[in-house]
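S.K.: dropping the sequence and predicted coords here.
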Amino acid sequence: MPRSDEGEQGLLTAAHSLEFPGGYTRSVGPVIGRFLTELRDGRLVGVRTAAGSVLFPPAEYDADGEAVTEEFVDVGPEGVVGAYAWVPRPRPSHPLDRPFAWALITPDGAGTAMLHVLDLGVLDAGAKPPRALRAGLRVRPKWRAERTGTINDIECFRPVVTTINAPVHADYRLSAGQALTRFLSGIAEGRILGHRCGVCGKVYVPMKGLCPVDGVPTTEEVEVPDTGTVTTYAVNNIPDPRAPGVPFVSAYVLLDGADIAMLALVAGIPADQVRMGMRVRAVWRPREEWDQNMANIKWFAPTGEDDVPYDDLRDHL
Amino acid sequence: MNTDIAVVAFAQTEHTGEDSGLSEVELLAPVITGVKRRTGLTRFGFTCSGSLDYLAGAPFSFVSALDAVGAWPPISESHVEMDAAWALYEAWARLRHGDIDTALVYGFGKPSQVRGDGGSELRELMTLRLDPYYLAPLGPDQVSLAALQARAYLDQGHKEDDLRAVAARSRAAGRANPFALDLPDPEGDEYEVAPLRPGDCPPVTDGAAAIVLATGDKARELCERPAWISGIDHRTEAHSLGARDLARSESAALAGERAGVRDGAGDIEVAELHAQFSHEELILREALGLGDDVRVNPSGGPLAADPVMATGLIRIGEAASWIHRGEASRVLAHAASGPCLQANLICVMSHG
Amino acid sequence: MAEACAVIGVGQTRYRSRRDDVSIAGLVREAALRALDDAGLTFKDIDAVVIGKAPDLFEGVMMPESYLADALGARGKPMTRVHTAGSVGGSTALVAASLVQGGVHDRVLVVAWEKQSESNATWALSTHPPLTPSLVVGAGGYFAPHIRAYMARTGCPDHIGTIVAVKDRRNALKNPYAHLRIEGISREMVEATPMLWEPIRYLETCPSSDGAAAMVLASPSAARGAPNPPAWVHGGAMRSEPIFFAGRDTVNPRAGRDCAADVYRQAGITDPRRELDCAEVYVPFSWYEPMWLENLGFCAEGEGWKLTESGATALDGDIPWNASGGVLSSNPIGASGLIRFAEAAQQVRGLAGEHQVEGARRALGHAYGGGAQFYAMWVVGSERP
């Protein structure tokens, strides 16, 4: 006995369904039958009209009611999207339970299009239409594993493959090398070390264990103070994780006693007030945060001393 | 056209099976100094090197290596992202022009650094040189592909025992070579990837090497017994594994022919082959017609020390050393590049 | 005595930010087939293949000569891959030329490319290795301080860079291969763009492009049969210096000066400004034009900016620089050097189309890389030397 109840407006209502048990049995005729049989076998066919074009999906007549020929023609499987409609929140009756598009798709070789479903990937409900969705997009059917001879034997269409995603990951365990290990052990103690070359006498900070000009090993250790001069610099407007913010200054800092400048951050002064020749001192992190790492020095900041004149800088540029 | 070009000096590191704590340039510097001392030269007409960015995990790894050379005043210098044997070939071609008479060639690699906590090693890294669409995404490592070729070779009617003999002989020779690794005799039946066992595969090795080439009278001035390059050539095969006959090395045979290895290679006394896997030695012997009387890989070869990107150059240096010592008159060196001996370089050197 | 070497074929792809219509092989084949076509040849006629590109990290394909052997018809031939940082396109051409000049091969195919859209050039150039003591900045961040030093050294006005930015992009409008095609580009437009690394503004910077370039180099006997006019190599040289050393001149590097001097000596040139008809020079940031004008001896030290300001390097000037639009208009990093060499060749072959410099008979091709420490240059001419 159907249930009845009092609805919100005080109406007497009851639920009711209509469903022919087992569904309707529809005979399809020879042309649709041929199409669906080919579909069940995983093939797309159209039919040639009297005028010579290929009607798809096939019917016994063209749009003007003219009878078609008996010539079936393989079309697709690839095709082209024409009009489309993006569904951001599918309804229960829709073929997919995540965002998709309805599309008119013309298989290659066919003269007309078919309405079907376009799957553009797994997206969250409410997603905007993907950039790939456009007229002219080339697509191919995704065939259902179990096919029975209905238009749903094609589960949906998907864009042809144009790219692959190639995750590339290589792991390393890098050693610092002797010279750098020594340099960083100095930094761990708040000391800046370098080497003097026994041939040219130049002091390299950090040391590399050899002189790049003379190609000989260097061993004489030299300690330099953490003060120096900015020879030249850049004001960067593109953010970097190691820098305090933008704009930030990356500068060549010639430490007192060194013959080669180091590239380092300069901060503690507005970027537009940094000058070539500016005197700077290292700003260290709190001692308890020190490690064998250049990050012990946050950056270099101005000392307030007079700038070094350009003429004294020119040999270091 | 200058065709009298010789290997006049060769130096290599004492290669290590683990990270020694030295950076690439620290490994390389003594080797460069070594060949400079041996020849008395501090500058060269041309310099060329071979190395691989991916071994160092950063682009431009060859740039810092230049510090070991002393490139001041500026030098004429080039680099290949290949085994340094190809850098030697480039230097050889350059010397033919006749306007310079010396060249420095070097190569280096620290494959020990290629390792991840998940157990990845050099053999995994080499997957990156494969076809990026059809091969790399499957993840076949270097040992797996070599095993494929070993299978193709064995199926021609050869035995696994032949592979084990190569492995045992190579390791023993390596133990006698102060520059190569001291590895125990291969033992055990377990496969790495069948039919290859651990002994059939190269050990991960860090190292560097350098060679000096010189022409004509300059060579005679720098070296008592220059190893004259009588022929040098290299050839590649298709990359697509299915398009190749993996049981044979067509390109090694072709390069050998062009380098003047005659039928039966009868006059070759010593051959240093860049065979990273034991079956590769057997395939190469056949391709080059090397008979049982040829001493193959007396250094132990790559199975005893494989400092990637220097290994091929070292074969040339090792072979040349036999001529330098007056212990052989005609030798052959081989270098390989690409998966499964895809490309091969042959260098034939003689005493006179 | 080295053999003479001719360029008998040149091929380029249209440079764009993403070539998502081709695989890597497709990209390089496009340029290679065009070059072969220009030379009236097929892959079968080639004796050796030399390829070059910048770090493999850009595409994540290591040692790509292995993968590309089939694609470039290299089966049974020698194949080499050159890598010399940004100068690689140029040094690749020189390595190939060396094979011809050394009498080793008669016909060599040279290809250089980059498909950097597959990742990101900025990422690939700053992989932040652990332990390094130095601040690692991108290319612009690296060069900006040296540009500042140039400006301080010369006392020049600060609009010189924009002149170059406009000139090269205007030239690009005449080059069907160029990436950036900015109609109506003007100094005002350039100066309205944000400052990226002072003094370099957004529109004073090279783009990031996908693309490939190729050439066929030939010996004199092989050049005889070529259907189109050859360009002859009159000189070629490479120079390198260490990137960091005490007393290095980063504004006017000696390696660049020495390399140019060697090339000019080989080509019998004593006054490049007058004896060359045009130059294709690697200028990735606008200010490098005045700096390289000095470094390459086109004017006295300190005078480069005046030459640029005078309009001498414009297409209608007396020494056009970068008639093709240069690196400022197209920059597939591994190919950029080869493009300079190839465009120089096209000029003296009379095949540069709309950006042809009238009557060009001798041209300079230039490439540099790393921290301005690697140089590769050649001079090509219409006549056999």
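M.R.: Received, thanks. Numbers count the residues shown, from 1 in each chain, chains lettered A, B, ... in the order given.

S.K.: in which helix or strand would I find C:W232?
M.R.: Counting by DSSP states H and E, the element that carries C:W232 is strand C:231-240.

S.K.: so what does the helix or strand just after that strand touch, helix or strand wise?
M.R.: With elements assigned by DSSP H and E, the helix or strand that comes after strand C:231-240 is helix C:254-267. When contacts are defined as 3 or more Cβ pairs under 8 Å, 6 or more residues apart in numbering or on different chains; DSSP states H and E, helix C:254-267 packs onto strand C:231-240, helix C:288-295, strand C:362-369, strand C:374-381. Glycine gets a C-beta too; all of them are placed from N, C-alpha and C.

S.K.: what about 6 Å?
M.R.: Taking 3 or more Cβ pairs under 6 Å, 6 or more residues apart in numbering or on different chains; DSSP states H and E as the contact definition, the neighbouring helices and strands of helix C:254-267 are strand C:231-240, strand C:374-381.

S.K.: quick check: the residue of the stretch 251-352 of chain B at minimum distance from chain A vs B:M126, distance?
M.R.: Taking Cβ to the nearest Cβ as the measure, the stretch 251-352 of chain B has B:V308 as its residue closest to chain A, at 14.0 Å. Computed as Cβ to Cβ, to the nearest Å, the B:V308 to B:M126 distance reads 9 Å.

S.K.: pick the most deeply packed of the helices and strands packed on helix C:254-267.
M.R.: Comparing the helices and strands packed on helix C:254-267 by mean neighbour count (mean count of other Cβ atoms under 10 Å in any protein chain shown), strand C:374-381 ranks first with a mean of 31.

S.K.: now for that one, which elements pack on it?
M.R.: helix C:88-101, strand C:231-240, helix C:254-267, helix C:333-349, strand C:362-369.

S.K.: what residues does the stretch 101-250 of chain A put near chain B?
M.R.: A:170-175, A:177-178, A:208-210, A:212-215 (Cβ under 6 Å from any Cβ of the partner chain).

S.K.: could you rerun that using 10 Å?
M.R.: In this structure, the stretch 101-250 of chain A approaches chain B at residues A:164-181, A:199-200, A:204, A:208-217, judged by Cβ under 10 Å from any Cβ of the partner chain.

S.K.: quick one: A:I32 and A:E60 touch, right?
M.R.: Yes - contact status for A:I32 versus A:E60: in contact at 8.0 Å, counting by Cβ atoms under 10 Å.

S.K.: those two: which has the busier surroundings?
M.R.: Counted by other Cβ atoms under 10 Å in any protein chain shown, A:I32 and A:E60 do not tie: A:I32 has more neighbours, with 17 against 13.

S.K.: in the stretch 151-300 of chain C, what residue is nearest chain B?
M.R.: Closest residue of the stretch 151-300 of chain C to chain B, Cβ to the nearest Cβ: C:A255 (3.7 Å).

S.K.: please name the residues that touch that residue.
M.R.: B:71-77, C:238-242, C:248-249, C:295, C:368, C:370, C:372-375 (Cβ atoms under 10 Å, 6 or more residues apart in numbering or on different chains).

S.K.: could you tell me which of these count as buried?
M.R.: B:71-72, B:74-77, C:238-242, C:248-249, C:295, C:368, C:370, C:372-375 (16 or more other Cβ atoms under 10 Å in any protein chain shown).

S.K.: tell me the bridge partners for B:G207.
M.R.: Assessed by DSSP bridges, B:G207 has beta-bridge partners B:G109.

S.K.: ok, C:A6 next?
M.R.: Beta-bridge partners of C:A6, counted by DSSP bridges, are C:A218, C:W232.

S.K.: thinking again about what came up before, show me the residues of the stretch 101-250 of chain A next to chain B that map onto helices.
M.R.: If you go by DSSP state H, these have A:178-181 in helices.

S.K.: circling back to that earlier point, can I get the helices and strands packed on helix C:254-267 in JSON lines with distance to A:F72?
M.R.: Conversion of these to JSON lines gives the following (distance: least, Cβ to Cβ, whole Å):
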{"stretch": "strand C:231-240", "distance to A:F72": "59"}
{"stretch": "strand C:374-381", "distance to A:F72": "62"}
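
S.K.: with adjacent residues omitted, what lies nearest to C:W292?
M.R.: Take C:W292 and drop its neighbours on the chain: the residue closest to it by Cβ to Cβ, 6 or more residues apart in numbering or on different chains is C:V281, 5.3 Å away.

S.K.: can you report how many residues lie near the one you found?
M.R.: Under the neighbour criterion other Cβ under 10 Å, C:V281 is assigned a count of 25.

S.K.: my guess is it contacts C:Y288, does it?
M.R.: Yes - with contact defined as Cβ under 10 Å, C:V281 and C:Y288 form a contacting pair (8.0 Å).
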